[in-house]
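In: here is my input, please return the structure:
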Amino acid sequence: MATKRERLIEWLRDAHAAEEQAEKMLSGTARQMDNDLEFRQALEKHAAESEQQAQRLKECLHRLGEDTSLMKQLAGQFMAMGQTLSGYVVGDQPAKAALAIATFAQMEVTSYRILIAAAESAGETEIARTCEMLLAQEVDFSDWIDHETPQIVRRYLDREAGTASTMNDPSLARS
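Out: Numbering: from 1, shown residues only. Below is the predicted model:
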């Protein structure tokens, strides 16, 4: 049976790998959002936050005399690469990206709530405070993506309809 400290370390490693995965996934997806500057900028901003969050989690592990997990990092990076590559083969990338990112963001919110409870239970108040700060960033981003998803989808559909109408109207296609 694992101790509270051991579980905290395990979950910090999981969260660190997830933040590295998020940074790669958000950066890769942002590069695909050429037609939606607002969505692209939000993804780039949160990718930078995710990079900083991964660093803070690494510092929490170091405080406990531990390090990150290479295996978890590699697995997360592999999954992020798959998510990014899938964007090149789907036609409705903004909608699918919003769905995947909103799901991932909510998973991170819950992960930080777990970490806070575990850190408090293990008597690691400094780590709990760090995770509370990171939780606030994740809640902000999760709220943003939830609020903005309808607009992201509408902008995508409007662009798609404009492209389709241009392709169907021979006089517009020549211009």
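In: residue contacts, the residue positioned nearest the centre of the chain?
Out: Per Cα atoms, centre = their mean, the C-alpha nearest to the average position across the chain is that of Ala22, at 3.8 Å. Neighbour list for Ala22: 46-47, 50, 80, 104, 108 [criterion: Cβ atoms under 8 Å, 6 or more residues apart in numbering]. Quick note: C-beta positions are derived from backbone N, CA and C, even for glycine.
In: buried residues, the helix or strand containing it. List them.
Out: Using DSSP states H and E, Ala22 falls within helix 4-31. Across helix 4-31, burial judged by 16 or more other Cβ atoms under 10 Å covers 5, 8-9, 11-30.
In: check stretch 118-132 too.
Out: 118-120, 122, 124, 127-128, 130-131.
In: again, but for stretch 45-57
Out: Neighbour-count burial for stretch 45-57 [16+ other Cβ under 10 Å]: 46-47, 49-51, 53-54, 56-57.
In: now the helix holding Ala22: mean pLDDT?
Out: Averaged across helix 4-31, the pLDDT comes to 94.
In: ok now that helix, how far from the chain's centre?
Out: The chain centroid and the centroid of helix 4-31 are separated by 9 Å, computed with Cα atoms, centre = their mean, to the nearest Å.
In: okay, now the unreliable bits of this structure?
Out: 69-91, 163-175 (pLDDT under 70).
In: report the contact partners of Leu64.
Out: 5, 8-9, 12, 124, 127.
In: ok, back up a step: closest to Ala42 out of the buried residues of stretch 118-132?
Out: Closest approach to Ala42 among the buried residues of stretch 118-132 (Cβ to Cβ): Cys131, at 22.8 Å.
In: look up how far Gln41 lies from the closest one.
Out: Relative to Gln41, Cys131 is positioned 26 Å away (Cβ to Cβ, to the nearest Å).
In: again with Arg129
Out: 29 Å.
In: find the nearest non-adjacent residue to Ala95, please.
Out: Nearest non-adjacent residue to Ala95, counting by Cβ to Cβ, 6 or more residues apart in numbering: Val153, 5.2 Å away.
In: the one you found against Lys96, yeah?
Out: No. If you go by Cβ atoms under 8 Å, Val153 and Lys96 don't touch, sitting 10.4 Å apart.
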